[in-house]
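Q: sequence and predicted structure are below.
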Amino acid sequence: MSAKKSLFFELRSGTIDMLLFVVKTTNLAEIRAELSRRFDATPGFFSNDVVAIDVRQLSSNQHVLIAEMAEILREFKMYPAGIVANEEQRSWAQFNALPFIKLHERLVLRSDEPEAVAPPWTQSFDIIAQPQNASADRTEQSSNTTTLVIDKPLRSGQQIYAKGDLVILGLVSHGAEVIAEGNIHIYAPLRGRALAGVYGNYSARIFCTCLEPELISIAGIYRTTEMPLSPDLLGMSVQIRLADEKLIIEPLRLT
């Protein structure tokens, strides 16, 4: 084959960020129900995320139908790209169309590590970041605090979850997501997604000093870029609240 570069395609090594969907039960009905509950609470949470199905936590006598598992994930806007399995699990997992994925790094955030608190939707599965650097892409708030403060910018693919209020002091980039059961305060541009009051807290609010969002949501009622903001709100300091189950966006008077 000629060493001359092809005009039609190239093959290059690369690094792709994806999530691990860690399966902890073979009961697919339970997984679907739990995904449905989470999806209803946080619309847009699974924003075309690429995931690998991780079956390593299943016992040696447990098998899951990966083709059906993959179909469930697609229902909730996730795209299965492969399977992570132990060597002894490959005999039953190999009959599926998805390829095996070998991990080269230790997971830096797990639900059983001291610095991570498992969120309430993880009875049947975990979703774990597989980042390419030393910092985790998903951060959980400790249960003994009421406000989580993040003082660094959030890049695309990062996700922050707070059980109470959430304060963000840096940029929320396109593709990043901030989620809180209470209010969200963002003292920087919001260019990603912000979801407040995710478990039906209709009194929650979002405060932002520069509104340029992909998605905003309070208590499951959301608005995306498909409905453009008016010029007097785009890029401005605003507060977002609910009134009669409608999102109200109004200027925030800082002086």
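A: Cool, got the structure.
Q: what is the burial count for Leu233?
A: Neighbour count of Leu233, defined by other CB atoms under 10 Å: 15. In this view, the C-beta of every residue, glycine as well, is placed from N, C-alpha and C.
Q: how near is it to Ile184?
A: The gap separating Leu233 from Ile184 is 17 Å, by CB to CB, to the nearest Å.
Q: residues in contact with Pro80?
A: Counting by CB atoms under 8 Å, 6 or more residues apart in numbering, Pro80 touches 21, 51-53, 69-70, 73-74, 98.
Q: Ser237: what's its closest spatial neighbour, skipping adjacent residues?
A: Leu252 (4.3 Å; CB to CB, 6 or more residues apart in numbering).
Q: and Ala223, what are its bridge partners?
A: For the record, residue 223 is Arg, not Ala. Following DSSP bridges, Arg223 is listed with bridge partners Ile216.
Q: I'd say it and Ile216 touch.
A: Yes - with contact defined as CB atoms under 8 Å, Arg223 counts as touching Ile216 (5.5 Å).
Q: give the residues shared as contacts by those two.
A: Common contacts of Arg223 and Ile216 (CB under 8 Å, 6+ apart): Leu247.
Q: okay, buried residues for the lengthiest helix in the chain please.
A: Taking DSSP state H as the criterion, the chain has its longest helix at helix 28-41. Neighbour counts over helix 28-41 (16 or more other CB atoms under 10 Å) mark 28, 31-32, 34-35, 38-39, 41 as buried.
Q: please apply the same query to stretch 222-240.
A: Buried, per 16+ other CB under 10 Å, within stretch 222-240: 222-223, 229, 236, 238-240.
Q: what's the mean pLDDT across stretch 222-237?
A: Computed over stretch 222-237, the mean pLDDT rounds to 87.
Q: what about it, how long is it end to end?
A: 19 Å (CA to CA, to the nearest Å).
Q: can you pull out the helices in the stretch 51-200 of the chain?
A: Under the criterion DSSP state H, counting those that start in this stretch, the stretch 51-200 of the chain carries helices at the ranges 66-75, 90-93.
Q: ok, residues contacting the first one?
A: Surrounding helix 66-75, the residues in contact under the criterion CB under 8 Å, 6+ apart are 21, 23, 28, 31-32, 35, 51, 53, 55, 79-80, 83, 93, 96-98.
Q: hang on, the earlier thing: farthest pair within the buried residues of stretch 222-240?
A: Maximum pairwise distance among the buried residues of stretch 222-240 (CB to CB): 19.7 Å, between Tyr222 and Met236.
Q: rewinding a little: now, the buried residues of stretch 222-240 that are in strands?
A: Members of those lying in strands (criterion: DSSP state E): 222-223, 238-240.
Q: can you list those residues in CSV and add distance to Ser173?
A: Below are these laid out as CSV (distance: CB to CB, whole Å):
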residue, distance to Ser173
Tyr222, 19
Arg223, 19
Val238, 19
Gln239, 22
Ile240, 19
